[in-house]
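[1] Got a predicted structure plus its sequence, pasted below:
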Amino acid sequence: MASDAAFYEVLEADLRSLSSEARKTDSIATQITGWLQHTDFPLIKECAERALLRLRAISQEGKGIEAVRTKEILRPFLLVCESKNPKLIGAVLGSIQKLLAHNAVSDEGRQQVIQALNQV
């Protein structure tokens, strides 16, 4: 459980960082180019914040890694890959690797990660 708590802290920091970066990336120029490229940085920020709340609840309830294997936790990372924004993608690749290394992604989620990374 101690390693689970440490993993939750690292993942929580990654989600906070992602939310912050998505907020910074949500400038007027980025909104215009995002509109042209059909990206949605506010959605990434919102999903990261939702995942952060879910992760905190899982951590407080003392649930194991299995509880992290939800679409809600993985979704912000997948949205970043779909955005094709190099700055955001660079920020989440390590997070995706950590999720996979801790077996915190379901089989369906692994397929989604593979598809998302193929699009990058």
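    Everything's here; your move.
[2] secondary structure element for the residue nearest to the spatial centre of the chain?
    Computing the C-alpha centroid of the chain and ranking residues by CA atoms, centre = their mean puts F77 first, at 3.0 Å. Element membership for F77 (DSSP states H and E) is helix 71-83.
[3] quick one: contacts of whatever helix or strand comes next after that helix?
    Next helix or strand after helix 71-83 toward the C-terminus (DSSP H and E): helix 86-101. The contact list for helix 86-101, computed with CB atoms under 8 Å, 6 or more residues apart in numbering, reads 7, 10-11, 14-15, 17-18, 21-22, 25, 41, 44, 68, 73-74, 76-77, 80-81, 83, 104-105, 110, 113, 117, 120. Glycine gets a C-beta too; all of them are placed from N, C-alpha and C.
[4] swap the cut-off to 7 Å and go again
    10-11, 14, 17-18, 21-22, 25, 74, 77, 80-81, 105, 113, 120 (CB atoms under 7 Å, 6 or more residues apart in numbering).
[5] For the helix or strand harbouring A13, which residues meet the burial criterion?
    Following DSSP H and E, one finds A13 within helix 2-25. By neighbour count with 16 or more other CB atoms under 10 Å, helix 2-25 contains the buried residues 4, 7-8, 11, 14-15, 18-19, 21-22, 25.
[6] follow-up on the earlier one: so for the contacts of helix 86-101, which is the shakiest by pLDDT?
    Least confident entry in the contacts of helix 86-101, by pLDDT: T25, with 60.
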